[in-house]
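Engineer: Could you work out the structure for the sequence below:
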Amino acid sequence: MDFIVGLLIAVKSLVFMGGYIAPDRVPVKIADMQVLLTRDDVRVRCTVANAYSGELRKLAQSGTPILLYVFAEARQVRKDSLVSNAVAENKLELDLVAKQYRVTRSAGQDTVVSPNLDSALAATARCSGLAVLPKEKVQPATSYYFVVWAVLGKTRVEALANKEIDLMYFWRYNRPTLKTEPFKGEQFLASTK
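Structural biologist: Prediction:
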């Protein structure tokens, strides 16, 4: 089993329970970001804070699927070039018959089921263990940094005759982005037990 070493990144603020729910007009941001080292790769973990305004909550309660994507890039500092990238999809759906929310997360390859909207929104706002940089691409003398951003997907709304809407409207088409400080490649090649 991989031993995970967490390298905590300084972020402007911590997100406590409820940070994923936003009063209207509070900017969405990437928070609680960590860079994790496993035996095979480097991963990122983060929370999309203030992701769900009142309008998005009402949309989720109506049974409209909510898609949240988290993108991550590993970049080489000296050349400012892309080394590798990854994307995670978190999908929130309401089963209207069972009155259960289902969150399907691609990064953790798991599904969370909850009767509580707040718990489901919290699970949707978290991205855990997104493998962004394979160790075979790491060079010890090279420095790397990570860029993470989030977007909402498009979805069909039954109340609008199944018309497709772009959920980024609720974020005013701004995507929250966070860039880490540089890491030396040798830090990622340290042995993991």
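Engineer: excluding its backbone neighbours, what's nearest Arg126?
Structural biologist: Thr47 (5.3 Å; Cβ to Cβ, 6 or more residues apart in numbering). Every residue, glycine included, has its C-beta placed from N, CA and C.
Engineer: So Gln187 versus Leu37, what's the distance?
Structural biologist: 8 Å (Cβ to Cβ, to the nearest Å).
Engineer: right, I mislabeled it, should have said Arg126
Structural biologist: 19 Å.
Engineer: what about stretch 135-143, start to end distance?
Structural biologist: 13 Å (Cα to Cα, to the nearest Å).
Engineer: which one of Gln187 and Leu37 has more residues nearby?
Structural biologist: A count of neighbours by other Cβ atoms under 10 Å puts Leu37 above the other of Gln187 and Leu37, at 22 against 16.
Engineer: correct me, but that one touches Ala190?
Structural biologist: Yes - under the criterion of Cβ atoms under 8 Å, Leu37 makes contact with Ala190 at 7.4 Å.
Engineer: hang on, Thr47 is in a helix, isn't it?
Structural biologist: No - judged by DSSP: H, G, I helix; E, B strand; the rest coil, Thr47 forms no part of a helix; its state is strand.
Engineer: Please work out how many residues are found near it.
Structural biologist: By other Cβ under 10 Å, neighbour count at Thr47 equals 23.
Engineer: same check, this time on the one 10 residues further on
Structural biologist: For Arg57, the number of neighbouring residues by other Cβ under 10 Å comes to 16.
Engineer: what's the answer for Leu82, then?
Structural biologist: Quick note: Leu82 (other Cβ under 10 Å) scores 11 neighbours.
Engineer: got it, and Asp110?
Structural biologist: Asp110, neighbours per other Cβ under 10 Å, totals 11.
Engineer: again with Arg75
Structural biologist: Neighbours of Arg75 using other Cβ under 10 Å come to 20.
Engineer: partners of the helix or strand harbouring it, with directions?
Structural biologist: Per DSSP states H and E: Arg75 is located in strand 66-76. If you go by DSSP bridges, strand 66-76 pairs up with strand 81-95 (antiparallel), strand 143-152 (antiparallel).
Engineer: so which of the ones you listed comes closest to Arg105?
Structural biologist: strand 81-95 (4.9 Å; Cβ to Cβ).
Engineer: Can you dump the C-alpha atoms of that closest one in PDB for me?
Structural biologist: These are the backbone C-alpha positions of strand 81-95, laid out as PDB (Å, rounded to 0.1, in the frame of the first residue of the first chain):
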ATOM      1  CA  SER A  81       6.100  24.000 -20.000                       C
ATOM      2  CA  LEU A  82       3.400  21.400 -19.400                       C
ATOM      3  CA  VAL A  83       4.700  18.100 -18.100                       C
ATOM      4  CA  SER A  84       1.400  16.300 -17.400                       C
ATOM      5  CA  ASN A  85      -2.200  17.000 -16.600                       C
ATOM      6  CA  ALA A  86      -5.300  15.300 -15.200                       C
ATOM      7  CA  VAL A  87      -9.000  16.100 -14.700                       C
ATOM      8  CA  ALA A  88     -11.500  14.900 -12.100                       C
ATOM      9  CA  GLU A  89     -15.300  14.900 -12.600                       C
ATOM     10  CA  ASN A  90     -17.700  15.100  -9.600                       C
ATOM     11  CA  LYS A  91     -21.300  14.600 -10.500                       C
ATOM     12  CA  LEU A  92     -24.200  15.300  -8.100                       C
ATOM     13  CA  GLU A  93     -27.600  13.800  -8.800                       C
ATOM     14  CA  LEU A  94     -30.800  13.500  -6.900                       C
ATOM     15  CA  ASP A  95     -32.800  10.200  -7.000                       C
END
